[in-house]
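# only geometry, no sequence info:
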């Protein structure tokens, strides 16, 4: 029994020793691998710095040579009380809801999308195509160098450019706010076009409300004119009665006179009230409230929105850094293969030298001591064929 316990104890100690040796070996291996990676990066530091700087400078040069674009932004919101009151006149009789119940519905789910669709309509965008913008006084076609094509005219191309890239509309259904963004090469033109869009929307909405108010005014005017005709007829009938009956002594004539006088007074009172209502409607039409409130008109942008030079340079430099790291570790792996000097590496090096004619600089992946003098460009494959024929003979 004691011998069995001693054997188990010895076995456990041996297992613990093996596990410790294995863990120490793995730790040493990971530390060696980390030091090897650091050595690879340090040995290729010039390449890493070179590719990082060159990539950043290339992106900077492209951004400087690209056409600059400027974005101006205007923000507007619906005068929700007026719009809700207008819509409630139409919908309340049908569904039986009060304007207070409809207030949030139209303010959140309807007005923002309604205004965005109006801003995209031809009624607002088409007048902007032929106008001249900015300090240079260029049209959109001249600004973007558009020309007539068999498929579309300059006006059609400018209108499509307005919808596709120049104008950007954003809506917030919770607040009812609409953001109008305009992007052109001219900062003054961007601000002018954005403000012109807002003014066009205000004019279109004002015309729509004016048509409705004009219908009410015309209906009130017709009713007032009819009341005036009835008053004139009643007054003429009373005058005719007085002309034919100078002495009114009988009860029948007095009753008739009272009836005619009452008719005249009633027509006069009706005419006076209708005339007052018509005047109020005319004043209301002349003093209409704005259907939209401009929170922030577009101002001249002082910084370009495109190209984003800082982000482009940073991104390109980071890409160059990653590319340099990949090349460094590839060269390190090839160098490890070169130390073995086996047939597989010699075959790999031969393919690299052959492909170098297509991708100049590819041979730099090989270590210096394994780079051989390359054959003339015209006969890399011919020399291989001749070598094979020689071996066959």
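Structure received. A quick note: this is a predicted structure, and the numbers were derived from the prediction, not measured. Numbering: from 1, shown residues only.

# pLDDT weak spots in the chain?
Within the chain, the stretches with pLDDT under 70 are 1-32, 80-109, 211-217, 219-220, 277-278, 280-290, 341-342, 372-393.

# centre-most residue in it?
Nearest to the mean C-alpha position of the chain, by C-alpha atoms, centre = their mean, lies residue 168 at 4.7 Å.

# I'd say that one and residue 190 touch.
No. Residue 168 lies out of contact with residue 190 (C-beta atoms under 8 Å); the separation is 11.3 Å. Every residue, glycine included, has its C-beta placed from N, CA and C.

# what sits in contact with each of those two?
Overlap of the contact sets of residue 168 and residue 190 (by C-beta atoms under 8 Å, 6 or more residues apart in numbering) consists of 182-183.

# please enumerate the strands of the stretch 151-300 of the chain.
Under the criterion DSSP state E, counting those that start in this stretch, the stretch 151-300 of the chain contains strands at 167-172, 177-184, 292-296.

# ranking the ones you listed by burial, who's on top?
Each of those was scored by mean neighbour count; the highest is strand 177-184, a mean of 22, by mean count of other C-beta atoms under 10 Å.

# who's in contact with it?
Applying C-beta under 8 Å, 6+ apart, the contact partners of strand 177-184 are 69-77, 112, 115-116, 119, 133-134, 140, 143, 165-172, 190-191, 193-194, 197-198, 295, 298, 305-306.

# how far off centre is it?
Offset of strand 177-184 from its chain centre (C-alpha atoms, centre = their mean, to the nearest Å): 8 Å.

# number the residues from 249 up from this point.
I'll keep to 249 as the first residue from here, and by that count the last item is strand 425-432.

# sheet partners, orientation included, of that strand?
Sheet partners assigned to strand 425-432 using DSSP bridges are listed as strand 318-326 (antiparallel), strand 415-420 (antiparallel).

# hang on, the earlier thing: what residues are bridge-paired with the residue nearest to the centre of the chain?
The bridge-partner assignment for residue 416, based on DSSP bridges, gives residue 429.

# look up how far residue 430 lies from it.
Relative to residue 430, residue 416 is positioned 8 Å away (C-beta to C-beta, to the nearest Å).

# again with residue 610
Distance, residue 610 to residue 430, by C-beta to C-beta: 48 Å.

# cool, residue 365 as well?
Separation of residue 365 from residue 430 (C-beta to C-beta): 18 Å.

# cool, residue 370 as well?
From residue 370 to residue 430 the distance is 17 Å (C-beta to C-beta).
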